[in-house]
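J.: one predicted model, sequence on top.
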Amino acid sequence: MGDGGFTLPLADVPSVAGQGPGTPHSVVGLVLAAVAAVAVAVRAAARRRRGERTD
């Protein structure tokens, strides 16, 4: 009987070394950051209008 495990030689595994996130990932990140910035700005403006203080 064998050891019951299954292993692949390292040469058969696709390498992702040297590959960072691509353009689509960068665009999605920028869009999410912009949405968050707008949400913070809108929320801050709403608080200013209502006169709430967070001191």
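T.: Arrived safely. Residues are numbered from 1 along each chain as shown.
J.: and the gap between Ala44 and Val31?
T.: Per Cβ to Cβ, to the nearest Å, Ala44 is found 21 Å from Val31. The way it works is simple: take the backbone N, C-alpha and C, and place the C-beta from them, glycine included.
J.: next one: Pro24
T.: Relative to Val31, and taking Cβ to Cβ, Pro24 is found at 11 Å.
J.: what does Pro21 give?
T.: 14 Å.
J.: swap in Arg43?
T.: According to Cβ to Cβ, Arg43 stands 19 Å off from Val31.
J.: and the helices in the protein?
T.: Counting by DSSP state H, one finds helices in the chain at the ranges 23-50.
J.: shaky segments in it?
T.: Confidence mapping of the chain against pLDDT under 70 gives the ranges 1-5, 7-18, 52-55.
J.: how about 50 then?
T.: In the prediction, the chain carries no residues with pLDDT under 50.
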